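*Asks:* below is the sequence, then the predicted model.
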Amino acid sequence: MNQRIKRVFIILILIISQVALDQITKEIVREKLEYHEDISIYKDNLILTKVENQGAFLSLGANLPPQTRTILLSILPALVVFGAIGFLFTQKNMTRVMTIGLSCVIAGGIGNLIDRILYGSVTDFMFINLGGIFRTGIFNIADMSIMTGIFLTMIPMVLTKKQDQETV
């Protein structure tokens, strides 16, 4: 198998597996949990609770008019995802970390777009509360993919910037 086909295959496996995991977990939550039902997984630190988020991250934009919300939270993200896919498959000199990171961002975007298209909102269900140290909003697997991807794509940028500063 040549390198290009191998790369495309690995990228597709990364994206498809993350989207599948996201959609499977959301379907389980939709079927098994009542809205705002709390299920403690690990003490009060990891809690499952089902909410439907019509907005973006932390419900930003949930109160926008429906047409504006559709444009900002469905059409624009779909264009970004398609652009990112095009970029991912046409760039030949991306590092593995950048490739994996961008694949994660794309997968998370696709997972949440599927929800918006099928249900008009995104199903969120996980909440982490580490007392006064750390507390999240309610999120899902797609959100985790996006955050992981952003983190991974930033690593090479930070390392490159640090190396550039050292060579000045």
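*Replies:* Thanks, I have the structure now.
*Asks:* show me how far the longest helix along the chain is from its chain's centre.
*Replies:* For the chain, the helix reaching the highest residue count under DSSP state H is reported as helix 3-32. The chain centre lies 11 Å from the centre of helix 3-32; the measure is C-alpha atoms, centre = their mean, to the nearest Å.
*Asks:* who touches stretch 102-117?
*Replies:* 11, 14-16, 18-19, 22-23, 26, 73-74, 77-78, 80-81, 84-85, 87-88, 94, 121-123, 140-150, 152-153 (C-beta atoms under 8 Å, 6 or more residues apart in numbering). No exception for glycine: its C-beta is placed from N, CA and C like everyone else's.
*Asks:* can you say which of those are buried?
*Replies:* When burial is judged by neighbour count using 16 or more other C-beta atoms under 10 Å, the buried members of the contacts of stretch 102-117 are 11, 14-15, 18-19, 22-23, 26, 73, 77, 81, 84-85, 88, 94, 121-123, 140-146, 148-149, 152-153.
*Asks:* in strands, which of these appear?
*Replies:* The strands, defined by DSSP state E, take in 122, 123 from the buried ones among the contacts of stretch 102-117.
*Asks:* now do the buried residues in the longest helix of the chain.
*Replies:* In helix 3-32, counting by 16+ other C-beta under 10 Å, buried: 7, 11, 14, 15, 18, 19, 21, 22, 23, 25, 26, 29.
*Asks:* between the residues you listed, which is nearest residue 100?
*Replies:* Of all those, residue 14 has the smallest distance to residue 100: 6.6 Å, by C-beta to C-beta.
*Asks:* quick check: pLDDT value at that closest one.
*Replies:* The per-residue pLDDT reported for residue 14 equals 97.
*Asks:* ok, residue 44 next?
*Replies:* For residue 44, the pLDDT comes out at 84.
*Asks:* next, count neighbours for it.
*Replies:* By other C-beta atoms under 10 Å, 12 other residues sit near residue 44.
*Asks:* remind me which residues of this structure are low pLDDT?
*Replies:* For the chain, the stretches with pLDDT under 70 are 1, 161-168.
*Asks:* and the helices in it?
*Replies:* Per DSSP H, the chain carries helices over the ranges 3-32, 66-70, 76-90, 96-119, 141-167.
*Asks:* as CSV, the ones you listed with distance to residue 50 would be great.
*Replies:* CSV is the format used below for the helices of the chain (distance: least, C-beta to C-beta, whole Å):
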stretch, distance to residue 50
helix 3-32, 5
helix 66-70, 21
helix 76-90, 22
helix 96-119, 12
helix 141-167, 14
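*Asks:* thanks a lot, see you next time.
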